[in-house]
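# dropping the sequence and predicted coords here.
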Amino acid sequence: MIYYIIKVLLSSVTIVAISEISKRSTLAGSILASIPIVSLLAIVWMFIDTKDTAKIASLSHSIFWLVIPSLLFFFLFSVFLKRNIDFWWSLAISLIVMIIGYFAMIFILKKVGIQF
């Protein structure tokens with residue numbers, strides 16, 4: 001139980017720290033946020049929990065391909081906000097397009113023989 005509490009605390013402190021740093025410097029915040037921190041934490045926790053490097057390699061491979069549709073969110077969100085579209089609408093539309101992008105990417109990858 002202590003281990004899970006440590007995992008939750010370290011993971012949440014990381015996210016809060018990035019949020020706070022971003023308030024002071026968008027450059028520093030964006031650099032930290034662009035590092036795949038969630039992926040890194042998941043990989044580290046998975047290694048500590050299982051020591052299964054084959055599963056970690058598979059996870060890393062899947063993350064690589066699925067980063068591409070996630071970029072849709074960041075691009076569209078910034079475009080919408082710069083065009084003065086309401087924050088919540090910008091967020092919702094960008095998330096929906098990203099989710100559609102995930103499904104499209106998974107479909108395409110399966111068609112070309114890349115397995116998850």
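Alright, I've got the coordinates.

# for this structure, name the helix or strand with the lowest mean pLDDT.
helix 26-34 (a mean of 81; mean pLDDT, DSSP states H and E).

# mind jotting down where the strands sit in this structure?
Taking DSSP state E, the chain contains no strands at all.

# longest helix of it?
Longest helix of the chain, by residue count under DSSP state H: helix 53-82.

# what angle sits between that helix and helix 26-34?
140 degrees (axes from the mean of the first three to the mean of the last three C-alpha atoms, to 10 degrees).

# average pLDDT for helix 53-82?
Helix 53-82 carries an average pLDDT of 94.

# could I get the buried residue list for that helix?
I56, L59, L66, P69, L72, F73, L76, F77, F80 (16 or more other C-beta atoms under 10 Å). To be clear about C-beta, it is placed using only N, CA and C from the backbone, and glycine gets the same treatment.

# which elements pack onto that helix?
helix 37-50, helix 87-111 (3 or more C-beta pairs under 8 Å, 6 or more residues apart in numbering; DSSP states H and E).

# which of these comes out lowest on mean pLDDT?
Across the helices and strands packed on helix 53-82, helix 37-50 gives the lowest mean pLDDT, at a mean of 90.

# restrict that helix to CA atoms and write it as PDB.
What follows is helix 37-50, C-alpha atoms only, in PDB (Å, rounded to 0.1, in the frame of the first residue of the first chain):
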ATOM      1  CA  ILE A  37       6.700  12.400 -18.300                       C
ATOM      2  CA  VAL A  38       3.600  10.200 -18.000                       C
ATOM      3  CA  SER A  39       5.100   7.700 -20.300                       C
ATOM      4  CA  LEU A  40       8.400   7.800 -18.400                       C
ATOM      5  CA  LEU A  41       6.600   7.300 -15.100                       C
ATOM      6  CA  ALA A  42       4.600   4.400 -16.500                       C
ATOM      7  CA  ILE A  43       7.700   2.800 -17.900                       C
ATOM      8  CA  VAL A  44       9.600   3.100 -14.600                       C
ATOM      9  CA  TRP A  45       6.700   1.900 -12.500                       C
ATOM     10  CA  MET A  46       6.100  -1.000 -14.900                       C
ATOM     11  CA  PHE A  47       9.800  -2.000 -14.700                       C
ATOM     12  CA  ILE A  48       9.800  -1.800 -10.900                       C
ATOM     13  CA  ASP A  49       6.600  -3.800 -10.800                       C
ATOM     14  CA  THR A  50       7.300  -6.500 -13.400                       C
END
